[in-house]
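K.L.:
show me how the following folds:
(one chain, ligands or ions: 1)
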Amino acid sequence: MKLLYGGPIMLIMLGMMISGCCQNSNKESAALVSAPETPGKFKMEPLDYPFASLEPHIDARTMQIHYEKHHAGYTKNLNNAIKGTALESKSIEEILGEISKQSAAVRNNGGGYYNHNLFWKNLSPNGSEKPGANLEISKAIDAAFGNFYKFKKEFTAAAATRFGSGWAWLILDEKGKLAISSTPNQDNPLMDLAEKKGIPLLAIDVWEHAYYLQYQNRRPDYISAFFNVINWEEVNRRYLTAKN
Ligand SMILES: [Fe+2]
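P.N.:
Here you go, the predicted model:
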């Protein structure tokens, strides 16, 4: 009797556990924030995590305004700037690679579109300060900079000393080596006019719109917080793709 009673209950509980498990895994794999509507060729990618999920390191309000207003603004302005031109048939990487031939509107908004797509992917609620020792990017950082903390110091300095608005980068340079650089405004290392050219692997946005609500003028605190939410799996994936 006990067995007969226990059997169906166990089955129901097992079913609930399986159902709960699959729902959770679907939630984790599904995009959690839909991209704003941006009519035209270039579309924003959905955000893989909720706005509040990077707290306490980056606050929800900053994330929402940054994604839905600033990034959407660059995307809309880029689409307007290229509408009806030959650039509509090119990829964003192709456009950036010959940006010296383009208008300031395409340069600023094309950079803003690309840079933010990368920035969101570089962040994760499950992020960490350092890459796992098993990742290729971890070994490559040690080989290029001596150790992780030397890399962190140099990257932090590049981000902290960028005058005004801009970005700091970890790139795979044209010689196939890891390097750190920074760019003004919405420029990036894919641009033919960049001082240091290469393929971006990791980026930090140091425009005030990225941190001012939470950190005000304390950019170093924001840079330090950024090192708690880096998606090193994604940086590693980009590194492996860029290298091959
Ligand atoms: Fe930004």
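
K.L.:
for the ion, what's its nearest residue on this protein.
P.N.:
residue 205 (4.2 Å; Cβ to the ion). Just so you know, the C-beta spots here come from the backbone N, C-alpha and C atoms, and that holds for glycine as well.

K.L.:
phi first, then psi, for that residue.
P.N.:
Phi and psi for residue 205, reported as degrees, to the nearest 10, are phi -80, psi 120.

K.L.:
now do the contacts for it.
P.N.:
With contacts defined as Cβ atoms under 8 Å, 6 or more residues apart in numbering, residue 205 is in contact with 66, 115, 116, 119, 167.

K.L.:
SS state for residue 127?
P.N.:
Secondary structure, DSSP: H, G, I helix; E, B strand; the rest coil: residue 127 is strand.

K.L.:
next: residue 180.
P.N.:
Each residue gets one of three states, and residue 180 gets strand by three-state DSSP.

K.L.:
who does it bridge with?
P.N.:
Beta-bridge pairing for residue 180 (DSSP bridges): residue 170.

K.L.:
isn't it right up against residue 154?
P.N.:
Yes: using Cβ atoms under 8 Å, residue 180 is in contact with residue 154, at 5.1 Å.

K.L.:
mind checking which of those two has more residues around it?
P.N.:
residue 180 (20 against 17; other Cβ atoms under 10 Å).

K.L.:
go ahead and confirm residue 96 touches residue 115.
P.N.:
No: using Cβ under 8 Å, residue 96 is not in contact with residue 115, being 9.8 Å away.

K.L.:
common neighbours of these two, please.
P.N.:
Taking Cβ under 8 Å, 6+ apart as the contact rule, residue 96 and residue 115 both touch residue 188.

K.L.:
beyond the worst-scoring helix or strand of the chain on mean pLDDT, next helix or strand please.
P.N.:
Ranked by mean pLDDT, DSSP states H and E, the weakest helix or strand in the chain is helix 2-29, scoring a mean of 40. On the C-terminal side of helix 2-29, the closest following helix or strand by DSSP states H and E is helix 60-65.
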